[in-house]
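Chemist: Next comes the sequence, and after it the predicted model I'd like to discuss.
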Amino acid sequence: MFEKPEGIENCRIWIDGCFDFAHHGHAGAMLQARQLGKELYVGVHSDEEILANKGPTVMTLEERLTAVDACKWSTRAIANAPYVTDPKVMDEYDCKYVVHGDDITTDANGEDCYQLVKDLGRFVVVERTPNISTTDLVGRMLLMSKNHHYPDLNKNWKKLLTEGNLDRFRKYATDETGLNLGSIVWLNTVDGLNVIVEPKRGEFDANQKLVYIDGGFDLFHPGHIEALKTAYQKAREFSGKVIVGIHDDLTVNQYKGLNYPIMNIFERSLCVLQCGYVDGIVLNAPYIPTMDFLSKLGNVIKVYHGPTEIDADEVYNKVKQEFEFLPKHKYDNINTEVIVNRVLKNKAAYEERQKKKGWKANIEKVLEANERNLREKSRAG
């Protein structure tokens, strides 16, 4: 039941969802969907549909579309996709199959949103990314917890590079097909700079021009995306590539306080790595970059920072000849604190959403158990 259909690699694939916060679980679903077919169309539900079936969104439809469009595995984002997947809409975009995780999603009435396409044999299951969801992230904001943070990577980097995490880095570093080598991933520690994921062959020779941009990239949002898009466009003017330095949890918390970052470095890195405007990342990048550090990356000719408040004389003093602020953009009013404040301002509504999620989860567990039984009977028969 729901096995990979023959010939699916020649088909256009459909996937849909809320995509509230651009977290790596969403990216993981898009990656697996894109690996199955030749193109991926991503349906994004309206704010009104999500409110009626799930609860209030944190990000607006336009912001969510920006995030989906920026994913390197997304061919096209489709606005206002119905919450209950409609095969007629799939047909409109010439999508033969819909892909979804191995969990069940229900509508406001507690009914399976994919039952119709399942009955039509147009539903394909992929593995759901564990331990991350919009509900999890909202919970971290409401509870102000820091249990998700990684310890000091200079002292204990092996906790980040478990085999499971390394496998995820390799998958998210793939190219736009999700099947081939793509981006490079470095780990920076007191012992030096090491490549932990190799890029596509021949992509990073000694003469390759690079631009470098760094930050926390917490709750990877449209402000980050627009800054990276601008850096990407500037880099491509001289055939350059974009390398993104990502600060560790300890550093982000030191400068931001409270329970920041809301996403840990593993989660934030995957969010950056899935972005189509990024050619490589540096885990545990130094807060204050130096020319010695940049020379280890390669031929870095520009260092950028988004149009946000920062003491450039303090942070980028050692690379001031190469440093440049990026210009303002349409999402330069969004930062991590703005998003957290949206949640806290509507705390009661989001707490109700969390409760609704719990109620729906019980129904979904029953539906999932029934579906498993049907699959087992089908295999046995």
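Modeler: Structure received.

Chemist: all contacts plus neighbour counts: C-alpha atoms, from now on.
Modeler: Will do.

Chemist: how does this structure divide up, domain by domain?
Modeler: Split into domains by automatic domain parsing, the chain comes to 8-130+348-380, 145-336.

Chemist: Take these and lay them out in JSON lines including distance to Leu137.
Modeler: Output for these, formatted as JSON lines (distance: least, C-alpha to C-alpha, whole Å):
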{"stretch": "domain 8-130+348-380", "distance to Leu137": "9"}
{"stretch": "domain 145-336", "distance to Leu137": "7"}
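
Chemist: of all those domains, which lies closest to Val138?
Modeler: Of all these, domain 8-130+348-380 sits nearest to Val138, with 7.6 Å by C-alpha to C-alpha.

Chemist: I figured Gly245 hits Asp279, correct?
Modeler: No. Using C-alpha atoms under 8 Å, Gly245 is not in contact with Asp279; the gap is 11.4 Å.

Chemist: thinking again about what came up before, include mean pLDDT and mean neighbour count when you put the domains of the chain into CSV, please.
Modeler: Shown next, in CSV, are the domains of the chain (pLDDT from 0 to 100; neighbours: other C-alpha atoms under 10 Å):
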stretch, mean pLDDT, mean neighbour count
domain 8-130+348-380, 83, 19
domain 145-336, 94, 18
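
Chemist: check contacts around the residue lying closest to Ala27 once chain neighbours are set aside.
Modeler: The spatial neighbour of Ala27 that comes closest, neighbours along the chain excluded (C-alpha to C-alpha, 6 or more residues apart in numbering), is Gln274 at 6.6 Å. Gln274 is in contact with 24, 27, 71-73, 172-173, counting by C-alpha atoms under 8 Å, 6 or more residues apart in numbering.

Chemist: Closest one of those residues to Thr308?
Modeler: Proximity of the contacts of Gln274 to Thr308 (C-alpha to C-alpha) peaks at Cys71, which lies at 23.2 Å.

Chemist: Give the helix, strand or coil label for Gly43.
Modeler: Put simply, Gly43 is strand when judged by DSSP: H, G, I helix; E, B strand; the rest coil.

Chemist: Please compute how far stretch 20-30 lies from its chain's middle.
Modeler: Centroid displacement of stretch 20-30 relative to its chain, using C-alpha atoms, centre = their mean, to the nearest Å, is 4 Å.

Chemist: Then stretch 25-32?
Modeler: With C-alpha atoms, centre = their mean, you get 8 Å for stretch 25-32.

Chemist: Can I get that stretch as PDB, trimmed to CA atoms?
Modeler: C-alpha atoms of stretch 25-32 as PDB (Å, rounded to 0.1, in the frame of the first residue of the first chain):
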ATOM      1  CA  GLY A  25      11.300  19.200   8.500                       C
ATOM      2  CA  HIS A  26       9.600  21.000   5.700                       C
ATOM      3  CA  ALA A  27      12.800  20.900   3.700                       C
ATOM      4  CA  GLY A  28      13.200  17.200   4.300                       C
ATOM      5  CA  ALA A  29       9.800  16.500   2.900                       C
ATOM      6  CA  MET A  30      10.500  18.600  -0.200                       C
ATOM      7  CA  LEU A  31      13.900  16.900  -0.700                       C
ATOM      8  CA  GLN A  32      12.300  13.400  -0.600                       C
END
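
Chemist: Would you agree Ile243 falls within a strand?
Modeler: Yes. Checked against three-state DSSP, Ile243 lies within a strand.

Chemist: Next up, the contacts around it.
Modeler: Shown in contact with Ile243 (C-alpha under 8 Å, 6+ apart): 210-213, 278-282.

Chemist: now, among those residues, which is nearest to Ile334?
Modeler: Using C-alpha to C-alpha, Ile213 comes nearest to Ile334 of these, at 17.8 Å.

Chemist: which helices and strands does whichever strand or helix holds that closest one pack with?
Modeler: Under the criterion of DSSP states H and E, Ile213 resides in strand 209-215. Applying 3 or more C-alpha pairs under 8 Å, 6 or more residues apart in numbering; DSSP states H and E, we find strand 209-215 packed against helix 222-236, strand 241-246, strand 299-305.

Chemist: Of these, which is nearest Tyr287?
Modeler: Smallest distance to Tyr287 across those (C-alpha to C-alpha): 8.8 Å, for strand 241-246.

Chemist: From the chain's centroid, how far away is stretch 297-313?
Modeler: Mean-position distance between stretch 297-313 and its chain equals 23 Å (C-alpha atoms, centre = their mean).

Chemist: neighbouring contacts of that stretch?
Modeler: Stretch 297-313 is contacted by residues 206-214, 224, 227, 231, 294, 319-320, 322-328, 332 when judged by C-alpha under 8 Å, 6+ apart.

Chemist: re the thing from before, tell me the strands beside the strand holding Ile213, with direction?
Modeler: Sheet pairing of strand 209-215 (DSSP bridges) gives strand 241-246 (parallel), strand 299-305 (parallel).

Chemist: of those, which approaches Gln32 most closely?
Modeler: From the strands paired with strand 209-215, taking C-alpha to C-alpha, the stretch that ends up closest is strand 241-246, at 23.9 Å.
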